[in-house]
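A.B. asks: Any chance you can model this:
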Amino acid sequence: MADALPAVPVTLFRTPKSGHCHRVELMLALLGLPYETVDLDMTQGAHKAPGFLMISPLGQVPAIDDNGTRLSDSNAILVYLAARYGEEPLWTGISPAEKAEVQRWLSIAAGEIAAGPCAARLVTLFGAPLDHEAAKAKAHDLFRVMETHLQGRDWLAADRPTLADIAGYSYIAHAPEGGVSLAPYPTLRAWLARIEALPEFVGMARSPQLA
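C.D. replies: This is a model prediction of the structure:
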């Protein structure tokens, strides 16, 4: 059974244009949880301050403080929020096959999405010293697979939105900021639109598109 809404808002430590941070904020919003955001200036080393390292030992965002429960890693936080405040099986999978499929897409979020659309966007927005052309190619490889996967289905892992969709949305929706066009992928764009139509949806801050 899900816990009652927290008496004190969940604190989300973030940077506003991070897709990893946005997926957590999106989950908080969809669950109807009260939360407040603390924006860290990572260019000034705020993520390495001793106080923050007590919350996120690797100095990474996002991190949350939920009334004393402190967690980092976006996918881990999604699992925690679903288990504590949501109808967990609906988010993480009802059957063994659904659970495995959700986990597969969480792995893709940490793998192919991170190496593709996320990495491409890091180059264009933040000047990261990564191979931009390789990242764009990986993004298109993934999007072609997803375009096929989503044929005849509305969601990635089940007949409803799950953590798979929440973890996948942010960097794919913002792929054009990394120079990766979504124009060739109508089915993928329709999936993004379905997520954006969910009650309580919140978007991520946008930057000028480069595609």
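A.B. asks: centre of the chain versus the top helix by length along the chain, how much separation?
C.D. replies: Identified as the longest helix of the chain according to DSSP state H is helix 132-149. Taking C-alpha atoms, centre = their mean, to the nearest Å, one finds the center of helix 132-149 at 17 Å from the center of the full chain.
A.B. asks: residues making contact with that helix?
C.D. replies: 108, 112-113, 115-117, 119-120, 123-124, 156, 172, 175, 178-180, 182, 184-188, 191 (C-beta atoms under 8 Å, 6 or more residues apart in numbering). Bear in mind the C-beta positions are built from the backbone N, C-alpha and C, glycine included.
A.B. asks: Where strands are concerned, which of the residues you listed count?
C.D. replies: Using DSSP state E, no member of the contacts of helix 132-149 sits in strands.
A.B. asks: What subset of those residues is buried?
C.D. replies: 108, 112-113, 115-117, 119-120, 123-124, 156, 172, 175, 178-180, 182, 185, 188, 191 (16 or more other C-beta atoms under 10 Å).
A.B. asks: distance of the residue sitting furthest away from the middle of the chain from residue 90?
C.D. replies: Computed with C-alpha atoms, centre = their mean, the residue of the chain farthest from its C-alpha average is residue 50, at 26.0 Å. Distance from residue 50 to residue 90, counting by C-beta to C-beta, to the nearest Å: 39 Å.
A.B. asks: ok, now residue 55?
C.D. replies: 29 Å.
A.B. asks: Could you report the neighbour count for residue 7?
C.D. replies: Using other C-beta atoms under 10 Å, residue 7 is surrounded by 7 other residues.
A.B. asks: can you check residue 198 too?
C.D. replies: 15.
A.B. asks: right, and it touches residue 30 too?
C.D. replies: Yes: assessed by C-beta atoms under 8 Å, residue 198 is found in contact with residue 30 at 6.2 Å.
A.B. asks: residue contacts, residue 123?
C.D. replies: Residues near residue 123 by C-beta under 8 Å, 6+ apart: 130, 132, 135, 178, 179.
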